[in-house]
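>>> How does the following fold in three dimensions:
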Amino acid sequence: MFYRRTKWCGAPSIGGVTTLIVRVNNLSNTSNAKNEWRANGFMKQITTYAGKKVLVLGLAKSGTNAAKLLKRLGATVTVSDVQPLEKNQDAQELQAAGFKVILGEQTPDLLDAGYDLMVKNPGIPYDVPVVKRALELKLPIISEMELTGEVAEAELVAVTGSNGKTTTTTMIQKMLDHDRLAGRAVYAGNIGVPASKVAQEVTADDTLVLEVSSFMLVGTTEFHPHIAVLTNIFSNHLDYHKTRANYVAAKMKITANQTADDYFVVNFDNPEWRQLSQQSAAKVVPFSRLDNSQDGAYEADGDLYFRGEKIMAASEIKVPGDHNVENALAAIAVAKIKGVSTAAIVSVLKSFGGVRHRTQYVLEAEGRQYYNDSKATDMEATEMALKGFKAPVVLLAGGLDRGYTFEKLVPSLKAHVKAIVLFGQTAKLLEDAAKQAGIKTIKMVENAETGVPVAYQLSAPGDIILLSPANASWDQYPNFEVRGDRFIKAVENLTGKQEEK
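Coordinates of the predicted model:
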């Protein structure tokens with residue numbers, strides 16, 4: 001059976017608008033008509049923003065696409081961004097399209113023009129002066145995700161959590177799209193695809209699977225996914241949210257507007273998360289790697305089940321690690337709620353090699369398996385990656401020095417790493433941790449890509465060669481994606497083989 005709770009104790013939201021939805025009737029049922037609507041943008045026709053004066057604060061993908069959507073909905077849109085025009089392609093594009101563009105420092109007097117609404121890029125904190133001034137003025141502040149939920153015709157599945165969001169979102173999308181008879185399943189949001197753009201393209205036959213960060217959720221008021229997923233909650237982003245209570249409240253907004261007709265898929269392997277599930281009015285569907293509940297998806301004796309039905313052995317999942325078992329269980333729960341066959345679920349989990357840069361399987365050559373975990377920008381992520389491997393690991397690590405040391409990594413290094421290749425600002429600090437772990441073979445290199453041939457020389461058939469830096473990339477690379485891409489290219493050059501996709 002499913003649990004159902006009837007109480008919501010979410011924190012008060014910041015700002016808000018009331019949405020009037022006017023559905024378009026009498027559309028032709030022919031495929032040509034549907035394709036025409038998809039090409040032109042098939043979305044709910046809402047009048048909320050018509051004639052409103054809206055400030056979009058911060059561009060990048062989120063702000064740029066929110067601005068375009070708002071203009072299409074009849075708003076008068078001004079966009080503001082700190083980057084100068086010559087370095088700002090988004091601003092150049094919007095200016096050419098007739099938007100009013102204000103660039104440079106975002107000071108409180110930006111609001112003197114008088115706006116009805118602010119749509120804030122999720123990455124901008126609420127304690128910057130211009131946002132604090134908006135709050136003082138009681139100016140409603142929403143995020144792009146709120147707009148997405150208002151206009152998307154597709155059914156919404158939303159995934160949040162401290163860890164595992166991207167992998168779980170991708171697994172769900174692949175499962176829901178496998179052997180689908182009508183429409184398609186697509187993903188968007190924090191996964192790197194602008195949600196407000198995709199929301200204009202999906203139809204009522206589709207499913208929109210959204211990765212939703214806490215930053216995005218703070219700026220929602222009416223956001224209402226049919227299925228919400230909470231992978232876990234740790235103590236992240238406290239510089240942004242200020243307190244853990246604020247962070248948890250932001251995460252729980254994913255279920256704030258759900259009803260008894262909806263589903264809340266929750267990790268039951270932590271007492272806090274089980275208790276949080278009681279705040280939801282939706283049907284609670286648990287998942288548990290530790291067999292804490294058999295009313296949803298769970299692992300028992302090395303096998304994965306859903307409500308008593310065996311799905312597959314946990315060891316058959318292609319991506320390694322207990323954390324990926326948890327991600328798979330969450331995805332199984334959603335897939336089963338939606339009626340996906342066991343065969344389709346198994347097919348996805350046996351073939352899915354991971355999300356790029358997140359313990360991503362790259363290729364195998366000469367008995368060595370190469371993995372790219374460039375997204376591991378902190379110690380916890382590297383610990384999780386190492387725990388996923390039973391074979392000896394040659395680890396490539398290092399990066400931006402943020403002022404901390406790496407004693408916390410010592411147990412994982414000792415248990416899993418046979419040799420370590422270090423680079424970047426933290427190489428010496430990681431060397432100290434490696435020595436504490438008793439690792440005898442420690443090599444220093446210039447960067448991640450020059451470390452690949454060195455790691456190969458230190459490895460033997462049967463070993464894992466893993467890039468899991470435990471540090472941000474900004475001392476040597478623009479971002480973790482570039483770091484991971486260059487690692488993969490170096491692996492391809494070394495082995496003469498192509499990355500498996």
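>>> Return the helix or strand in the protein with minimum mean pLDDT.
Least confident element among the helices and strands of the chain, by mean pLDDT, DSSP states H and E: strand 21-22 (a mean of 32).
>>> can I see the domain layout of this protein?
As assigned by automatic domain parsing, the chain contains the domains 49-139, 153-351, 360-495.
>>> So which of these is nearest M145?
domain 153-351 (4.2 Å; C-beta to C-beta). C-beta coordinates here come from the backbone N, C-alpha and C atoms, glycine included.
>>> Same list, the domains of the chain, but as JSON lines with distance to F42 please.
Formatted as JSON lines, these follow (distance: least, C-beta to C-beta, whole Å):
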{"stretch": "domain 49-139", "distance to F42": "12"}
{"stretch": "domain 153-351", "distance to F42": "5"}
{"stretch": "domain 360-495", "distance to F42": "31"}
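>>> right, and those domains - which one's nearest E146?
domain 153-351 (4.7 Å).
>>> ends of the closest one, how far apart?
One end of domain 153-351 sits 30 Å from the other (C-alpha to C-alpha, to the nearest Å).
>>> same deal with stretch 264-277?
End-to-end distance for stretch 264-277: 8 Å, by C-alpha to C-alpha.
>>> all helices for the stretch 201-350 of the chain, in order.
214-218, 238-241, 244-252, 271-277, 322-337, 342-351 (DSSP state H, counting those that start in this stretch).
>>> Please save the CA atoms from the fifth one in CSV.
If I follow you right, that is helix 322-337. Provided in CSV are the C-alpha atoms of helix 322-337 (Å, rounded to 0.1, in the frame of the first residue of the first chain):
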residue,chain,number,x,y,z
ASP,A,322,25.4,2.2,-3.2
HIS,A,323,24.4,5.8,-4.0
ASN,A,324,23.4,4.6,-7.5
VAL,A,325,21.4,1.8,-6.1
GLU,A,326,19.5,4.5,-4.2
ASN,A,327,19.1,6.5,-7.4
ALA,A,328,17.9,3.4,-9.2
LEU,A,329,15.3,2.6,-6.5
ALA,A,330,13.9,6.1,-6.7
ALA,A,331,13.6,5.8,-10.5
ILE,A,332,12.0,2.4,-10.2
ALA,A,333,9.4,3.8,-7.9
VAL,A,334,8.5,6.5,-10.3
ALA,A,335,8.5,4.2,-13.3
LYS,A,336,6.2,1.7,-11.5
ILE,A,337,3.8,4.5,-10.5
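>>> Could you list every helix and strand in contact with that helix?
helix 165-177, strand 227-230, strand 263-267, strand 283-288, strand 297-300, strand 303-306, helix 342-351, helix 379-387 (3 or more C-beta pairs under 8 Å, 6 or more residues apart in numbering; DSSP states H and E).
>>> ok, now the fourth one?
The elements that helix 271-277 packs onto, with contact taken as 3+ C-beta pairs under 8 Å, 6+ apart, are strand 227-230, strand 263-267, strand 283-288.
>>> any chance of those strands in CSV, with mean neighbour count, distance to S214 and mean pLDDT too?
Below are those laid out as CSV (neighbours: other C-beta atoms under 10 Å; distance: least, C-beta to C-beta, whole Å; pLDDT from 0 to 100):
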stretch, mean neighbour count, distance to S214, mean pLDDT
strand 227-230, 28, 11, 98
strand 263-267, 28, 16, 98
strand 283-288, 24, 20, 98
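>>> so which of those strands comes closest to D90?
Among these, strand 227-230 comes nearest to D90, with 30.3 Å by C-beta to C-beta.
>>> Now tell me what touches that closest one from outside.
156-161, 168, 172, 251-252, 254-255, 258, 262-267, 273, 276-277, 280, 282, 330, 333-334, 337-338 (C-beta atoms under 8 Å, 6 or more residues apart in numbering).
>>> contact partners of stretch 409-423?
Residues outside stretch 409-423 that contact it (C-beta under 8 Å, 6+ apart) are 379, 382-383, 386-387, 389, 392-399, 430-431, 433-434, 436-448, 450-451, 454-455, 458-459, 463, 470, 476.
>>> Okay, buried residues for that stretch please.
409-410, 412-413, 416-423 (16 or more other C-beta atoms under 10 Å).
>>> Out of these, list just those in strands.
Within the buried residues of stretch 409-423, membership in strands is found for 417-422, as judged by DSSP state E.
>>> Could you export those as a markdown table, including distance to G308 and pLDDT?
A markdown table is the format used below for those (distance: C-beta to C-beta, whole Å; pLDDT from 0 to 100):
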| residue | distance to G308 | pLDDT |
| --- | --- | --- |
| V417 | 40 | 98 |
| K418 | 41 | 98 |
| A419 | 45 | 98 |
| I420 | 44 | 98 |
| V421 | 46 | 98 |
| L422 | 48 | 98 |
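>>> where does the closest residue to D205 other than its chain neighbours fall, helix, sheet strand or coil?
Distances taken as C-beta to C-beta, 6 or more residues apart in numbering place G183 nearest to D205, at 3.0 Å, with adjacent residues excluded. Following DSSP: H, G, I helix; E, B strand; the rest coil, G183 is assigned to coil.
>>> Could you measure from G183 over to Y404?
According to C-beta to C-beta, to the nearest Å, G183 and Y404 sit 47 Å apart.
>>> next one: K435
In terms of C-beta to C-beta, K435 sits 17 Å off from Y404.
>>> swap in T64?
Look at T64 and Y404: by C-beta to C-beta, they are 35 Å apart.
>>> what about stretch 68-78, start to end distance?
In stretch 68-78, first residue to last residue: 11 Å (C-alpha to C-alpha).
>>> from the chain's centre, how far out does it sit?
Relative to its parent chain, stretch 68-78 has a centroid offset of 27 Å by C-alpha atoms, centre = their mean, to the nearest Å.
>>> Give me the residues contacting that stretch.
If you take C-beta under 8 Å, 6+ apart as the criterion, stretch 68-78 is touched by 41, 46-56, 67, 94, 97, 99-102, 113, 115, 117, 119, 147, 151, 196-197, 199-200.
>>> Mind checking which of those residues land in strands?
Counting by DSSP E, these place 46, 53-56, 100-102, 117, 119 in strands.
>>> filter these to the buried ones?
Among those, those scoring as buried are 46, 54-56, 101, 117, 119 (criterion: 16+ other C-beta under 10 Å).
>>> Just say helix, strand or coil for I465.
Quick answer, by three-state DSSP: I465 is strand.
>>> follow-up on the earlier one: which residues are in contact with the residue nearest to D205?
Contact analysis of G183 by C-beta under 8 Å, 6+ apart lists 154, 203-207.
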